[in-house]
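# sharing a sequence plus its predicted fold:
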Amino acid sequence: MPRDAIPTWFFSVVVVRKGDRFLVVHERKHGQLWFLPCGRVEPGESMQAGAIRETLEETGVPVNLTGILRVEITPEPKYTRVRVVFLAEPKDDTLPKCVPDDESLGAAWVTREELDRLPLRGEEVRDYFAYAAGDPPVLPMALLAREIDPLPVDLCRKKS
């Protein structure tokens, strides 16, 4: 018996760390609160490319993704949401943007203590910063791959 397709939305969320500071976005939407760089992945775009694009659009800061902190799946009756939470570092010393545009009102580097003074869209921002500050296990980027990508050689070798 055929089943109905389940719409699935994919989002990249990025925790960008630079020493004891983290990058946050002053959102244009969602009540103009502060949150992590994040956004929906576009059709044909990889989760990684979506993470890099969204971070640059919202903050003005180019980043290198260094690993995966978490994969979250939220199945609902009419749709499913999938979020991949990446850990990243800035590529260079580019300052966060301070001029509002269609993507955000701006961005800033903050410590965990400074974060307490900002109105946040979600408490998970504090949780992710605390987690990332604690030197957590970080999953390798090779964990996310297209079906046609070959397995990494080091994962294919038998352990002695």
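Structure's in. What do you need?

# what about P152, how many neighbours?
When neighbours are counted by other Cβ atoms under 10 Å, P152 registers 13. C-betas here are computed from N, CA, C, even on glycine.

# and L69, by the same measure?
20.

# next one: it from D92, what distance?
Computed as Cβ to Cβ, to the nearest Å, the L69 to D92 distance reads 23 Å.

# ok, L151 next?
L151 is 32 Å from D92, by Cβ to Cβ.

# V63 now?
The spacing between V63 and D92, counted by Cβ to Cβ, is 10 Å.

# try C98
Applying Cβ to Cβ to C98 and D92 gives a distance of 17 Å.

# comparing the two, which shows the higher neighbour count?
Between C98 and D92, counted using other Cβ under 10 Å, C98 has the larger neighbour count: 11 against 8.

# quick one, grab the pLDDT at the more buried one.
Here the pLDDT value assigned to C98 is 94.

# how about it, nearest residue that isn't a chain neighbour?
G106 (5.0 Å; Cβ to Cβ, 6 or more residues apart in numbering).

# quick check: phi and psi on that neighbour?
When read as degrees, to the nearest 10, the backbone of G106 gives phi 150, psi -170.

# neighbours around the residue lying closest to Y79 once chain neighbours are set aside, how many?
Nearest residue to Y79 in three dimensions, chain neighbours excluded: P7, at 4.5 Å (Cβ to Cβ, 6+ apart). P7: 10 surrounding residues under other Cβ under 10 Å.

# what's the spacing between P7 and S46?
From P7 to S46 the distance is 20 Å (Cβ to Cβ).

# next: L143.
Here the criterion is Cβ to Cβ. By it, L143 lies 13 Å from S46.

# comparing the two, which shows the higher neighbour count?
Taking other Cβ under 10 Å, L143 and S46 do not tie; S46 has more neighbours (15 against 12).

# OK, contacts around the more buried one?
By Cβ atoms under 8 Å, 6 or more residues apart in numbering, the contact set of S46 is 144, 146.

# checking D92 next. Helix, strand or coil?
Three-state call for D92 (DSSP: H, G, I helix; E, B strand; the rest coil): coil.

# on that earlier part again, per-residue pLDDT, the residue nearest to C98?
G106 is assigned 96 on the pLDDT scale.

# cool, E58 as well?
For E58, the pLDDT comes out at 97.
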